[in-house]
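Colleague: Need coordinates for the below:
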Amino acid sequence: MSPMTGTRAGANEAQTTRTSGRAAFPGAFVLPRILRRPVRAFAALASGRVTIRPHLGSVAAVVFLASTGLYGMETGGHTTTVTQALTSGVGFALEDVQVSGNVETSDIDILQQLGLDGSTSVVAIDAHAARQKLMELPWVTDAHVQKIYPRGLMVRLVERKAVGIWQHGDALSLIDVRGDVIAPLTGARHADLPLYVGLGADRHSDELEARLLFHPELRARVKAAIRIADRRWDLRLDNGVTISLPEDNVGEALKRFAAFDAGRDVLSRDITAVDLRLDDRIALRLSEAAFERRTQALEERAKLIKAAEKNS
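Modeller: Below is the predicted model of the structure:
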């Protein structure tokens, strides 16, 4: 018998032995394949064939306690506080805050909104969350927050611009170019802005502003825009004259008045109102003094006509 033949025969014999062994114990329990490796490892550990490295238990205990502590801080909401305490003590305490772009919003309001104090750590600041907090301020329309390590923070704001004052009842509020309310009017800083009065005046102020942009001289003289029944506007000028605009085609009405006023300087005359609500005419209302003078002039004219008829 050759060696190769003997090897093949030995393998066949071993295979036959394993097969016959299973056949010899038909009721024996066989572990699933996925559990065989863990069971063999446990058996080797129990028999002492595998040795445990020194300090492995200590390391496992430290990892377990650290994981438990982190889970407890996260569950209790103390992660930020602990992070600030640890990082502030090693040189990351916030000391320099640079603020730019704020005109209406004070630096104190910004610091209070961000919740910054002497124990704040730069590491613990969430720039995205800080931006969201700044966006809640009434004047802020956009914000940018950047951490500057190790101890700085840069805040840049974009604020809304007030273009008018909206009077609703007894309350006065500042509104932007879209008619959105910014904040209540306080003090006299914005007192020179145009006044919008009445229901719906805030929502439609942007439409009126768009029409008046084509007539800058008239727009500069408007001191108040009064919304009538939430349908149309009356413009109150700086000299007390009221211009009544139509409900529709406001731009065309203003063009007609501009052409009519060219060379006449109607608004500087002794009138109290200009009515543009009719498409085919412009009506002027005289002041009481001008009306009396006009009445007297007509009476004098009538007397002269009668006298001339008598003498003829």
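Colleague: Distance of L153 relative to I108?
Modeller: 15 Å (CB to CB, to the nearest Å). Placement of C-beta: from N, CA and C, glycine included.
Colleague: Show me where the stretch 51-200 of the chain has its strands.
Modeller: Under the criterion DSSP state E, counting those that start in this stretch, the stretch 51-200 of the chain carries strands at the ranges 96-100, 140-148, 152-159, 164-168, 171-175, 181-184, 195-197.
Colleague: Could you do the stretch 201-312 of the chain as well?
Modeller: Using DSSP E, counting those that start in this stretch, strands in the stretch 201-312 of the chain cover 222-228, 232-237, 242-244, 271-275, 283-286.
Colleague: all helices of the stretch 201-312 of the chain, in order?
Modeller: Remark: helices assigned in the stretch 201-312 of the chain by DSSP state H, counting those that start in this stretch are 201-212, 216-221, 250-261, 288-311.
Colleague: most packed of those helices?
Modeller: helix 201-212 (a mean of 19; mean count of other CB atoms under 10 Å).
Colleague: hang on, the earlier thing: L153 and I108: who's more crowded?
Modeller: Taking neighbours as other CB atoms under 10 Å, L153 and I108 compare with L153 leading, 21 against 8.
Colleague: My read is that G198 contacts R232, right?
Modeller: No: counting by CB atoms under 8 Å, G198 does not reach R232; the two are 10.4 Å apart.
Colleague: circling back to that earlier point, out of the helices of the stretch 201-312 of the chain, which comes closest to A93?
Modeller: helix 201-212 (45.2 Å; CB to CB).
Colleague: For the closest one, output the C-alpha coordinates as PDB.
Modeller: Output in PDB follows, covering the C-alpha atoms of helix 201-212 (Å, rounded to 0.1, in the frame of the first residue of the first chain):
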ATOM      1  CA  ALA A 201     -53.300  99.000   6.900                       C
ATOM      2  CA  ASP A 202     -50.400  96.800   8.000                       C
ATOM      3  CA  ARG A 203     -51.200  94.100   5.400                       C
ATOM      4  CA  HIS A 204     -51.600  96.500   2.400                       C
ATOM      5  CA  SER A 205     -48.900  99.100   3.300                       C
ATOM      6  CA  ASP A 206     -46.400  97.400   1.000                       C
ATOM      7  CA  GLU A 207     -48.800  97.800  -2.000                       C
ATOM      8  CA  LEU A 208     -49.200 101.500  -1.300                       C
ATOM      9  CA  GLU A 209     -45.400 101.900  -0.900                       C
ATOM     10  CA  ALA A 210     -44.900 100.300  -4.200                       C
ATOM     11  CA  ARG A 211     -47.200 102.800  -5.900                       C
ATOM     12  CA  LEU A 212     -45.700 105.800  -4.200                       C
END
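Colleague: Thank you kindly, that will do.
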